[in-house]
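*Asks:* No letters, just coordinates:
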């Protein structure tokens, strides 16, 4: 059985610990594994204006990726 990886990116303009935790928990319950964050910064600000939360899951060759 060959495994391949499917990726998912969830974008959030609310960048708080509560919101990011909610996103991670929601996606993990759907079978996604947390892979990391990417933050978009505004010039002159120390806080991110957006967060991209990255996930992946392993699929076998017989499974179809979800839309």
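*Replies:* That came through fine. As the structure is a prediction and not an experimental result, all values here were calculated from the model. Numbers count the residues shown, from 1 in each chain.

*Asks:* Is residue 8 within a helix or a strand, and which one?
*Replies:* Per DSSP states H and E: residue 8 is located in strand 3-12.

*Asks:* where do the strands sit along the chain?
*Replies:* Applying DSSP state E to the chain gives strands spanning 3-12, 33-41, 48-60.

*Asks:* Which neighbouring elements make contact with the longest one?
*Replies:* So the one you mean is strand 48-60. strand 3-12, helix 17-29, strand 33-41 (3 or more C-beta pairs under 8 Å, 6 or more residues apart in numbering; DSSP states H and E). Just so you know, the C-beta spots here come from the backbone N, C-alpha and C atoms, and that holds for glycine as well.

*Asks:* Averaged pLDDT, it. What do you get?
*Replies:* On average, the pLDDT along strand 48-60 is 95.

*Asks:* Centre of the chain to it, how far?
*Replies:* 2 Å (C-alpha atoms, centre = their mean, to the nearest Å).

*Asks:* how near is residue 16 to residue 51?
*Replies:* 9 Å (C-beta to C-beta, to the nearest Å).

*Asks:* So those two - more neighbours on which side?
*Replies:* In this view residue 16 and residue 51 are compared by other C-beta atoms under 10 Å, and residue 51 has more residues nearby, 19 against 11.

*Asks:* how close does residue 15 get to residue 51?
*Replies:* For residue 15, the distance to residue 51 - C-beta to C-beta - is 5 Å.

*Asks:* what is in contact with the two at once?
*Replies:* Residues within reach of residue 15 and of residue 51 at once, by C-beta atoms under 8 Å, 6 or more residues apart in numbering, are residue 39.
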